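Need a 3D model of the following:
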Amino acid sequence: MQFWPRKRTKKLVASIRSWTSSKEPKILGFAGYKVGMTHVMITDNRKGTLTKGETISFPVTIVECPPLKAASIRFYKNSYDGLKLVSEVVSEKLDKELARKIIMPKKITKKAEDVKDYDDIKLLVYTQPKLTGIGKKKPEMFEMAIGGKKEEKLKYAQEVLGKDICAKDVLKEGQQLDAHAITKGKGFQGPIKRFGIGLKSHKQEKGRRRPGSLGGWRGQGHVMYRVAHAGQMGYQQRTEYNKWLLKIGEKPEEINNKSGFNEYGVVRNTYLLIKGSLGGHVKRLVRFSNSIRADYKLPAEAPVISYTSK
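Okay, here's the model as predicted:
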């Protein structure tokens, strides 16, 4: 039910509706651009595995993470139907590229000290794709939740307003993350590819790649939505839970090859190595949040990486 209706997403930036609580006053996630995949050789440190202590190969996804920049502090108040925005304090130091995304404020008079009545604080941040080599200038904007108590949230937000927020200040190696991304679009596909239903007999009257007789599925005068029919596939928001952050690298030359990554180019900023695959196309933004239901079997320490394939 959570995946219906299967239609194209409205926004290319994934939205995060649930955040974990944290006592540490900092933003509860990060974001970066998907580069591609490679593999690393690690010393297995997972509990209970048959290869514990041995050197094994792991597939990893590379995500380039240029610093985020805080655009404004948003103040929220509880209401009967959720949080409501009551005030916003905008930074005086906004990049000129942000004018491609929003209407830039001409005069900034409101200060964070002037806001007294609020229940929660969130940070409106934007990316800096100009620092990468993907050929893009227009930044993405989204909200990030902040950990800590109400007073600590305000102090942290005031400290980072208009400044760069780096991945190493927010994330740590070995932690688990939830990855939110817009998947690769496949267009209009049939029920075999879209839902994985079986092929019918070659002696079937109508066709092999169709759902067949619907029978009771249309006994109420219309075809029920649960029937596997053709339609839009992909280009939808999906969340992958408990992705293992193996490394936060600050030397791109460790992973760059001479020709750069296929369809992406050369990594120029801090990068993440995430175990396994991630949704979305190359160059697409992937948002990370602290794991909301962490896997207790995974160790909190990152494994030792002895080799990274280029």
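
tell me which strands and helices the helix or strand hosting Leu83 is in contact with?
Using DSSP states H and E, Leu83 maps to strand 82-90. Secondary-structure packing of strand 82-90 (3 or more CB pairs under 8 Å, 6 or more residues apart in numbering; DSSP states H and E): strand 68-79. Quick note: C-beta positions are derived from backbone N, CA and C, even for glycine.

Dump the C-alpha coordinates for the strand it packs on into PDB.
Extracted C-alpha coordinates of strand 68-79, given in PDB (Å, rounded to 0.1, in the frame of the first residue of the first chain):
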ATOM      1  CA  LEU A  68      25.900  22.200   2.700                       C
ATOM      2  CA  LYS A  69      25.100  25.800   3.500                       C
ATOM      3  CA  ALA A  70      22.500  27.000   6.000                       C
ATOM      4  CA  ALA A  71      20.100  29.500   4.400                       C
ATOM      5  CA  SER A  72      17.700  30.100   7.200                       C
ATOM      6  CA  ILE A  73      16.400  29.100  10.700                       C
ATOM      7  CA  ARG A  74      12.800  28.000  10.700                       C
ATOM      8  CA  PHE A  75      10.700  28.200  13.900                       C
ATOM      9  CA  TYR A  76       7.700  25.900  14.300                       C
ATOM     10  CA  LYS A  77       4.900  25.700  16.800                       C
ATOM     11  CA  ASN A  78       2.700  22.600  17.700                       C
ATOM     12  CA  SER A  79      -0.900  22.700  16.500                       C
END
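
any idea how far that strand is from the chain center?
Relative to its parent chain, strand 68-79 has a centroid offset of 19 Å by CA atoms, centre = their mean, to the nearest Å.

what's the answer for stretch 169-180, then?
The answer for stretch 169-180 is 11 Å, by CA atoms, centre = their mean.

For it, what does the pLDDT average out to?
Stretch 169-180 carries an average pLDDT of 96.

got the end-to-end distance for that stretch?
Stretch 169-180 stretches 20 Å from its first residue to its last (CA to CA, to the nearest Å).

Which positions within it qualify as buried?
Residues of stretch 169-180 classed as buried: Val170, Leu171, Glu173, Gly174, Gln175, Gln176, Leu177, Asp178, Ala179, His180 (neighbour count, 16 or more other CB atoms under 10 Å).

In the sheet, which residues pair with the last one? Tell me.
When bridges are assigned using DSSP bridges, the partners listed for His180 are Thr239, Arg287.

correct me, but it touches Val13?
No - His180 lies out of contact with Val13 (CB atoms under 8 Å); the separation is 9.1 Å.

anything in contact with each of those two?
Arg287 (CB atoms under 8 Å, 6 or more residues apart in numbering).

And the strands in the stretch 151-300 of the chain, which stretches?
For the stretch 151-300 of the chain, applying DSSP state E, counting those that start in this stretch gives strands covering 164-165, 176-182, 187-189, 231-233, 237-249, 271-275, 285-290.

export the ones you listed to TSV and tack on distance to Cys65?
Output for these, formatted as TSV (distance: least, CB to CB, whole Å):
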stretch	distance to Cys65
strand 164-165	10
strand 176-182	12
strand 187-189	30
strand 231-233	29
strand 237-249	8
strand 271-275	6
strand 285-290	9
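
of all these, which lies closest to Ser79?
Among the strands of the stretch 151-300 of the chain, the nearest to Ser79 by CB to CB is strand 285-290 (23.9 Å).

residues of the strand holding Leu83 that come out buried?
Buried, per 16+ other CB under 10 Å, within strand 82-90: Ser87, Val89, Val90.

With distance to Lys163 and pLDDT added, can I get those residues in JSON lines?
Shown next, in JSON lines, are the buried residues of strand 82-90 (distance: CB to CB, whole Å; pLDDT from 0 to 100):
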{"residue": "Ser87", "distance to Lys163": "21", "pLDDT": "92"}
{"residue": "Val89", "distance to Lys163": "14", "pLDDT": "93"}
{"residue": "Val90", "distance to Lys163": "14", "pLDDT": "93"}
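
No further queries at this time; thank you.
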